[in-house]
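Student: Below are the sequence and a predicted model; questions follow.
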Amino acid sequence: MPVGYLIGVVIAAVPMLLSLRPLARSGPLGRLSWIVTCVPNEWPFIAVYWVAADTGLLVAQGDLGSAGSWVAVAIGLISPFAAIVLVLRSLRARPVVAAALGMPPPRAHLGRILWAPLPFTHPGVKRISNVAYGDGGRLNTLDVYRRRAGVAEGAPILIHLHGGGFTGGLKSNEGRPLLQRFARHGWLCISANYRLRPAATFPDFLIDAKRVIAWARAHAGEYGADPGRVFIAGSSAGAHIAASAALTPGDPGLQPGFEDADTSVCGCIGLYGYYGPVSTRPAGLRSSPAEHVHAGAPPFLIAHGTQDTLVPPARAAALAGRLREVSHQPVVWIELPGAQHSFDLLRSVRFETVIDGIEVFAARVLG
């Protein structure tokens with residue numbers, strides 16, 4: 001029995017099997033499932049390449065032939081077969097996004113994704129890093145993404161806020177394929193850090209988000225963008241902050257020192273967001289986006305995975321439902337089959353499809 005090969009194929013097979021069926025839908029085992037599967041669930045090709053390389057080494061060393069080696073090879077076949085199922089499940093996002101937006105099914109994003117899923121900066125996009133927007137040090141910095149040829153004249157602005165449970169995370173983590181796609185198409189894109197727990201408490205991170213919106217409006221002209229066309233997006237905890245900011249424009253209690261700044265947005269995009277309360281003190285503090293829903297809310301697009309083991313989709317669906325009941329603007333709810341938390345880390349088949357939908361959503365909002 002080639003023990004080294006067996007260990008290798010088992011290491012590949014376990015995350016693939018857990019991607020198909022997590023250990024649990026929530027709790028500690030749900031968190032473990034997310035840690036193990038967030039990458040292979042979106043890019044299952046990694047396990048296929050791992051097993052192929054391991055098997056090629058086995059053959060080259062002449063270790064293929066014993067009964068034990070064939071058992072190990074059989075275990076190795078789990079990964080490519082699971083990858084087929086996971087890719088097919090990712091492709092199910094196409095009709096779901098199409099139905100949610102009333103659009104033709106987006107194209108199937110394969111091609112480069114087979115080989116290059118990492119969201120490195122595109123050669124046509126320039127990133128300007130660590131621009132200060134407040135006095136919170138590195139936690140009040142942002143990155144600007146723009147087309148190297150220049151922002152399209154009067155281009156809209158997209159702001160993205162990272163996840164991390166309000167305690168961690170960085171502006172360079174989630175959502176980068178979204179920022180790069182929109183920047184390539186001429187948008188001015190911004191990814192921002194914000195203050196974190198335990199040093200910060202609610203509404204500190206919401207105030208920071210509003211400072212970013214104010215900064216974007218104040219500096220839009222320097223890049224040729226339109227300060228009147230600002231969208232805000234967020235992932236996980238960032239989706240909570242983005243939604244809260246979108247629903248509370250101009251609230252002077254949430255804009256200390258910049259009460260007169262225009263912090264309204266044209267639309268909000270929430271990706272696998274947590275939308276529950278984040279604080280119970282002081283009494284009466286409304287820290288859940290649902291508590292701020294009103295008839296004048298901007299258009300919303302909310303996307304969440306059916307297999308999110310960190311934040312199950314029920315609360316996101318509830319926020320979408322509440323917005324549809326109260327808001328006069330469009331609300332798009334997308335429940336992605338098989339998607340795990342953090343589905344925007346990579347240029348995956350699923351997330352590229354979601355970006356297609358966000359583009360259609362934004363174009364309709366802008367008219």
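Tutor: Right, received. Where do you want to start?

Student: Which residues does the one helix or strand residue 220 maps to contact?
Tutor: Using DSSP states H and E, residue 220 sits within helix 204-223. Outside helix 204-223, the residues that touch it by C-beta atoms under 8 Å, 6 or more residues apart in numbering are 133-134, 136, 139-140, 142, 144, 146, 151, 155, 157, 159, 161, 166, 188, 190, 192, 194-196, 225-227, 230, 232, 237, 241-242, 244-245, 248, 254-256, 258, 261-263, 265. C-betas here are computed from N, CA, C, even on glycine.

Student: which parts of that helix are buried?
Tutor: 204-217, 219-220 (16 or more other C-beta atoms under 10 Å).

Student: Relative to residue 367, which of the residues you listed is nearest.
Tutor: Closest approach to residue 367 among the buried residues of helix 204-223 (C-beta to C-beta): residue 220, at 18.9 Å.

Student: To what extent is residue 327 buried, counted in neighbours?
Tutor: Number of residues near residue 327 (other C-beta atoms under 10 Å) recorded here: 18.

Student: and it, what pLDDT?
Tutor: Predicted confidence (pLDDT) for residue 327: 97.

Student: all strands for the stretch 51-200 of the chain, in order.
Tutor: 125-132, 141-147, 155-161, 188-192 (DSSP state E, counting those that start in this stretch).

Student: The following helix or strand past the helix holding residue 220 pairs with which strands?
Tutor: Later in the chain than helix 204-223, the nearest helix or strand by DSSP H and E is strand 225-235. With DSSP bridges as the test, strand 225-235 is paired with strand 155-161 (parallel), strand 267-271 (parallel).

Student: re the thing from before, of the contacts of helix 204-223, buried ones?
Tutor: Buried among these (16+ other C-beta under 10 Å): 133-134, 136, 139-140, 142, 144, 146, 151, 155, 157, 159, 161, 166, 188, 190, 192, 194-196, 225-227, 230, 232, 237, 241-242, 244-245, 248, 254-255, 258, 261, 263, 265.

Student: quick one: contacts of stretch 234-244?
Tutor: Stretch 234-244 is contacted by residues 159-166, 169, 174-175, 194, 203, 205-206, 209, 232-233, 268-276, 278, 287, 289, 292, 300, 302, 310-311, 319, 341-342, 344 when judged by C-beta under 8 Å, 6+ apart.

Student: repeat for stretch 96-110
Tutor: In this structure, residues lying in contact with stretch 96-110 by C-beta under 8 Å, 6+ apart are 91, 94-95, 332-337, 347-349, 352-354, 356-357, 360-361.

Student: Which of those fall in strands?
Tutor: Using DSSP state E, the members of those that fall in strands are 332, 333, 334, 335, 336.

Student: Would you check how far apart the second one and residue 198 are?
Tutor: Going back to what we said before, that points to residue 333. Residue 333 sits 33 Å away from residue 198, going by C-beta to C-beta, to the nearest Å.

Student: ok, these two, which is more surrounded?
Tutor: Counted by other C-beta under 10 Å, residue 333 and residue 198 do not tie: residue 333 has more neighbours, with 18 against 7.

Student: for the more buried one, what are its contacts?
Tutor: Applying C-beta under 8 Å, 6+ apart to residue 333 gives the contacts 100, 302, 316, 317, 320, 321, 324.

Student: Any chance of a PyMOL selection covering the buried ones in those?
Tutor: Applying 16+ other C-beta under 10 Å to the contacts of residue 333 leaves a buried subset, and the PyMOL line that selects it is:
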select buried, resi 100+302+316+320
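
Student: coming back round to it: the helix holding residue 220 vs strand 225-235, what angle?
Tutor: Angle of helix 204-223 versus strand 225-235, following axes from the mean of the first three to the mean of the last three C-alpha atoms, to 10 degrees, is 150 degrees.

Student: quick one: buried residues of the helix or strand bottoming out on mean pLDDT in the chain?
Tutor: Lowest mean confidence among the helices and strands of the chain (mean pLDDT, DSSP states H and E): helix 67-76, at a mean of 85. Of the residues in helix 67-76, 69, 72, 73, 75, 76 count as buried by neighbour count, 16+ other C-beta under 10 Å.

Student: what do you get for stretch 103-114?
Tutor: Going by neighbour count (16+ other C-beta under 10 Å), the buried part of stretch 103-114 is 106, 109, 113.

Student: could those residues be laid out in a markdown table, adding distance to residue 52 and pLDDT?
Tutor: Listed next are these as a markdown table, based on distance: C-beta to C-beta, whole Å; pLDDT from 0 to 100:
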| residue | distance to residue 52 | pLDDT |
| --- | --- | --- |
| 106 | 29 | 90 |
| 109 | 22 | 82 |
| 113 | 17 | 80 |
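
Student: now these as a markdown table including distance to residue 6?
Tutor: Listed next are the buried residues of stretch 103-114 as a markdown table, based on distance: C-beta to C-beta, whole Å:
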| residue | distance to residue 6 |
| --- | --- |
| 106 | 40 |
| 109 | 34 |
| 113 | 30 |
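
Student: so which of those residues would you say is closest to residue 32?
Tutor: Taking C-beta to C-beta as the measure, residue 32 lies nearest residue 113 of these, at 26.5 Å.
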